[in-house]
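>>> Predicted coordinates and the sequence they were generated for:
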Amino acid sequence: MTPLAELRRSFAGPGRLDWIGLRPARKAVLVPVERARITTDGLDGDHGRPGKRAVTLLQAEHLPVIAALAGRKDLPPDLLRRNLVISGINLSALREFGLRIGTVRLAVEVPCAPCSRMEQVLGPGGYSALRGHGGWCCSVLEPGEISLGDPVSPDF
């Protein structure tokens, strides 16, 4: 039988950075970009805050779930106001290790709770649709450049 510690370090393969969005100001429309620079304070050009919430992540596989729970056919990532959308690797499983996107190292800190604006953006029930699927807030351990398609892997 495989020890639990070994199982927790086992991933099918790397994930992928699918989407990058910058919030130039509070409540401003997100601007999708193909690449971004991440500093210790977060993404250049984003109004986010330094520290445990410098970068926000969303699991791409959760988009159809949130859409279904909100009664929508599809859901573009910019509506959810997260910086990065990651596919192919379980972000929740990376919490204890952190992650790498290219050369950038992030510490997965806390779940990213939905805000009350989700009710306006997604319609009635939008806030509840996002609960448990809102992604993760991260602090920056090593800054650098990221681009769409970059691999995402555990930071062992």
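Thanks, I have it. Numbers count the residues shown, from 1 in each chain.
>>> Now do the same contact list for the residue most central in space within the chain.
In the chain, the residue lying closest to the centroid (CA atoms, centre = their mean) is residue 57, at 0.9 Å. Residue 57 makes contact with 82-86, 91, 106, 108, 112, 135-138 under the criterion CB atoms under 8 Å, 6 or more residues apart in numbering. Where you see a C-beta, it was placed from the backbone N, CA and C, and this is true even at glycine.
>>> among those residues, who's most crowded?
Counting neighbours by other CB atoms under 10 Å, residue 138 leads the contacts of residue 57 with 30 neighbours.
>>> related to what we said a few turns ago, which helix or strand contains the residue nearest to the centre of the chain?
strand 55-59 (DSSP states H and E).
>>> Listing partners with orientation, what would you give for that strand?
strand 84-87 (parallel), strand 136-142 (antiparallel) (DSSP bridges).
>>> Now do the last one: everything it contacts.
By that I understand strand 136-142. Taking CB under 8 Å, 6+ apart as the rule, strand 136-142 contacts 38-42, 51-57, 91-92, 95, 98-99, 103-112, 155.
>>> Buried residues, the helix or strand following that strand. List them.
Next along the chain after strand 136-142, taking DSSP H and E as the criterion, comes strand 144-147. Across strand 144-147, burial judged by 16 or more other CB atoms under 10 Å covers residue 146.
>>> Now do the helices in this structure.
4-8, 63-69, 117-122, 126-130 (DSSP state H).
>>> Pick the most deeply packed of these.
Mean neighbour count (mean count of other CB atoms under 10 Å) peaks for helix 126-130 among those, with a mean of 21.
>>> Show residues contacting it.
Under CB under 8 Å, 6+ apart, the answer for helix 126-130 is 66, 69-70, 80, 114-116, 118-120, 122.
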